[in-house]
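Chemist: prediction below, plus the sequence it came from.
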Amino acid sequence: MQLKSIFRFLGKPAAATVIGTETEFRGEVRSKHEIQIDGAVIGNVIGPITIGPQGSVEGDIEAGRIEVAGRVHGNITATEILIVRSTARIEGDIHYASVSVEHGAQMLGMMKAKTAPE
């Protein structure tokens, strides 16, 4: 089954960029479309991102929608929603508009909600 078919089956749009398992990327990643990380990124990520259970990012992440099931060592800024799965481990400060955290997730750092302008 192709990757796009699997994502459609799961009810999730296919990622435009995939960093697969056993792949390490060094440098900044920027995308307007979904980034799926199942390997390792050493550098900042800017754009909507999903980090799979085996994925990791060592750097800052900035996007509207961020989903973490793997590891992050860096600061996170989610301007729309941050979804933290039970398998996630995050070390760094988190800024968010909305957040969902599953039981079992590990987070170490400051969490700050973005307040709506009055």
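Modeler: Sure thing, it's come through.
Chemist: this structure: helices as residue ranges?
Modeler: Secondary structure of the chain (DSSP state H): helices at 3-9.
Chemist: output the below-cut-off pLDDT ranges for it.
Modeler: Where the chain drops to pLDDT under 70, the residues are 1-15, 116-118.
Chemist: one more time with 80
Modeler: Counting by pLDDT under 80, the low-confidence segments of the chain come to 1-16, 115-118.
Chemist: next, the buried residues of stretch 49-59.
Modeler: By neighbour count with 16 or more other C-beta atoms under 10 Å, stretch 49-59 contains the buried residues 49-52, 54-59. For the C-beta atoms, the positions are set from N, CA and C on the backbone; glycine is no exception.
Chemist: how far does it stretch from start to finish?
Modeler: End-to-end distance of stretch 49-59 (C-alpha to C-alpha, to the nearest Å): 13 Å.
Chemist: picking up where we left off before, output the buried residues of stretch 49-59 as a markdown table; include the columns distance to His33.
Modeler: As requested, these are exported to a markdown table (distance: C-beta to C-beta, whole Å):
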| residue | distance to His33 |
| --- | --- |
| Ile49 | 10 |
| Thr50 | 12 |
| Ile51 | 16 |
| Gly52 | 17 |
| Gln54 | 21 |
| Gly55 | 17 |
| Ser56 | 21 |
| Val57 | 17 |
| Glu58 | 22 |
| Gly59 | 19 |
